[in-house]
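Enquirer: output the structure for:
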Amino acid sequence: MPLPDYAPTFALFKIILNKMRKVVVLSLAFASVLASCKKEGCTDPEALNYNENAKKDDGSCVFNDIPLYTVPATYAFTDDAGNSTVSYPGQTDRINQALAMITKIRTGVDGQVSAQVLKDMFANTGGNGNGEFSFTSTRQLKDKCFALDVAAIEAYFDSLQVVSASYNMTAGSGQAGVLTSGTSKYLFDRNGREYKEIIEKAFMASIFMYQSLNVYFSESKMNVDNTTAVNPANGEYYTQMEHHWDEAFGYFAVPTDFPATAALGFWGKYCNSQDATIGSNAVMMNNFKKGRAAIAANVIADRDAAMAEVKMMWEKIAAYQAMKYLGDAVTNFGTDQGKTLHVLNEAYGMIKSLKYCPMDTRKMTNDEVDAVLAKFGTNFWNLTLAQINEIKADIDAKY
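Expert: Residues are numbered from 1 along each chain as shown. Take a look at the predicted model:
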C-alpha cells in the first residue's frame, strides 16, 4: 500500500507556526514598549523629591534629616518678614471679662449681688459690661457659650442673687449663708451649693473648653486656607488656620512663656496644679507650640497629632483636679464643713466639664459622667465619707 502524502499538512503547519512566532514577537515588543512607558522616579512619599506620577522607583529618592520646622521656646511665631502671626485678642478679652465677673460674684459673701449686673457683664452691655469692666471691648462671653447652657448660666445669676441676700447668716442644711475656713469665706445655698464655683466652672467648660476643643479644633475651623495671610495691610499676617489655632490656645488662658510666667487663671491655673502629677504643663505647651509650628510648615499630620495630645491632656487635667478636690473633701470631712463643701462644689464642676471634652478622645460618655454626678445627690450636706470616696474611685477607674 502506498504511504499517505503528508506534504500538504506539513506545509500548512509551517505556515501556522510562522504566524504564531510573529504574534509572540509582536507581544514581546508591545510588552517592552509598555515597560518603557512606565514613568520612573521616586515613589516614596517621605522623600523630598517624591513624584506622585512615578510608577517605578528608580532609586533616586532623597531624604533630609533636617526637621521641616522648629518648635519655638515660647508661643511666638513670625512670617518671613518678621511680622508676628499670633493673634487672639477676642480670647484675651473674654478671659478678662470672666475674671471680672468672678471678682464680682465673690462679693456675695459680704452683700447681695445683682443678677442683672451679672447678666449685663455676661452680654457685655455697652461694650464695658454696663460700666462694670475697667476696659472696653466688642466681644462678649454670652455669644460664645454653648447655646444650651446660656439659660442655665443666667438662672445661676438669679439663684446667686437670692442666696447672697443671706450673706449675714450662718450656712447650714436647709439654710443659705456663709461659712468660714481659715481666712476664706464661702457662700452656700440651703443645699450646700456654692454658686461662685458653679458659675466659674460653667464658664470654663461651656465657653473656654467648648470653644477651644470643639469649635476651633473642629474640621470646619482647621480645614481652611493655610497659604494666604488674611489681611496683611491691616496687620493680619496669619492664615485662617494659624489664627484658629491661636484662638484655641487663647482659651487655655496662659502667657506665651507659660509655665515660666504664671497662668492667668482658669484652665492654665489647674494645668499647673496638676503638673507634678501628670506632667501637664509640658504636654500642653509643647503640643500647642508644635501644632502651631506644624501649621506654619504645612505638616498637617503633625498638627493633628499635637491636637490629639492637647485634647487628651485637657481632659486629664479636669479629671485629676476633680480627684484632688475629692481627696481634699475626705481630708476635711467632719472637721471643716466650709472647706469640705467648697471643694465638693469644685469637684462637681470639674467632673461636669468632662462632658465638654471631644467625643473622639474622651474616656467617659455623657451617661457615665451623669451617673457620677448623680451620686452627689441634691443636698451636698448629706454626702457621707463613703459616698465621696466612691465618687473619687469612679473617676480614678477611668483615668
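Enquirer: next SSE downstream of the worst-scoring helix or strand of the chain on mean pLDDT?
Expert: Among the helices and strands of the chain, helix 7-37 carries the lowest confidence by mean pLDDT, DSSP states H and E, at a mean of 43. For helix 7-37, the succeeding helix or strand toward the C-terminus, using DSSP states H and E, is strand 40-41.
Enquirer: okay, the closest residue to Val215 other than its chain neighbours and Ser212: tell me how far apart.
Expert: Distances taken as Cβ to Cβ, 6 or more residues apart in numbering place Lys221 nearest to Val215, at 6.4 Å, with adjacent residues excluded. From N, CA and C alone the C-beta is placed, and that goes for glycine too. Using Cβ to Cβ, to the nearest Å, Lys221 is found at 10 Å from Ser212.
Enquirer: repeat that for Ala100.
Expert: Distance from Ala100 to Ser212, by Cβ to Cβ: 20 Å.
Enquirer: how many other residues sit next to the residue lying closest to Ala248 once chain neighbours are set aside?
Expert: Excluding the flanking residues, the one nearest Ala248 by Cβ to Cβ, 6+ apart is Tyr216, at 3.8 Å. Using other Cβ atoms under 10 Å, Tyr216 has 23 neighbouring residues.
Enquirer: thinking Tyr216 is in contact with Glu247, fair?
Expert: Yes. Counting by Cβ atoms under 8 Å, Tyr216 touches Glu247, with 5.1 Å between them.
Enquirer: now do the contacts for Trp381.
Expert: Residues near Trp381 by Cβ atoms under 8 Å, 6 or more residues apart in numbering: Gly172, Ser173, Asn191, Gly192, Leu341.
Enquirer: ok, back up a step: that's a helix at the residue nearest to Val215, yeah?
Expert: Yes. Assigned with DSSP: H, G, I helix; E, B strand; the rest coil, Lys221 falls within a helix.
Enquirer: that one: neighbouring residues, count only.
Expert: 17.
Enquirer: and if you look at Tyr69?
Expert: Neighbour count for Tyr69, taken as other Cβ under 10 Å: 15.
Enquirer: check the residue lying closest to it once chain neighbours are set aside and give its pLDDT.
Expert: Once flanking residues are discounted, Tyr69 sits nearest to Ala297: 3.6 Å by Cβ to Cβ, 6+ apart. pLDDT for Ala297: 97.
Enquirer: quickly note the distance from Ala297 to Glu236.
Expert: For Ala297 relative to Glu236 (Cβ to Cβ), the value is 20 Å.
Enquirer: ok, Ile95 next?
Expert: 21 Å.
Enquirer: low-confidence ranges, this protein, go.
Expert: Scanning the chain for pLDDT under 70 picks out 1-38, 62-67.
Enquirer: and the helices in it?
Expert: 7-37, 89-106, 115-122, 150-164, 195-203, 219-222, 240-250, 266-273, 275-278, 280-296, 300-332, 337-353, 366-374, 385-398 (DSSP state H).
Enquirer: other SSEs contacting the second one?
Expert: Under the contact criterion of 3 or more Cβ pairs under 8 Å, 6 or more residues apart in numbering; DSSP states H and E, helix 89-106 touches helix 115-122, helix 195-203, helix 240-250.
Enquirer: now the second one and helix 150-164, what's the angle there?
Expert: Right, the one you point to is helix 195-203. 170 degrees (axes from the mean of the first three to the mean of the last three Cα atoms, to 10 degrees).
Enquirer: who's in contact with helix 195-203?
Expert: By Cβ under 8 Å, 6+ apart, the surrounding residues in contact with helix 195-203 are 98, 101-102, 105-106, 108, 141, 149, 152-153, 156-157, 159-160, 163, 186-187, 189, 266, 342, 345-346, 348-350, 352-353.
Enquirer: just the CA coordinates of that helix, formatted as PDB?
Expert: Extracted C-alpha coordinates of helix 195-203, given in PDB (Å, rounded to 0.1, in the frame of the first residue of the first chain):
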ATOM      1  CA  TYR A 195     -22.700  79.500  93.000                       C
ATOM      2  CA  LYS A 196     -19.300  81.100  92.700                       C
ATOM      3  CA  GLU A 197     -17.900  77.700  91.800                       C
ATOM      4  CA  ILE A 198     -20.800  76.600  89.800                       C
ATOM      5  CA  ILE A 199     -20.600  79.700  87.600                       C
ATOM      6  CA  GLU A 200     -16.800  79.700  87.300                       C
ATOM      7  CA  LYS A 201     -16.700  76.000  86.200                       C
ATOM      8  CA  ALA A 202     -19.600  76.700  83.800                       C
ATOM      9  CA  PHE A 203     -17.500  79.400  82.100                       C
END
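Enquirer: tell me who's in contact with the closest residue to Tyr195 other than its chain neighbours.
Expert: Among residues not flanking Tyr195 along the chain, Leu160 sits closest, at 4.2 Å (Cβ to Cβ, 6+ apart). Shown in contact with Leu160 (Cβ under 8 Å, 6+ apart): Ile105, Gly108, Val113, Ala115, Leu118, Tyr195, Lys196, Ile199.
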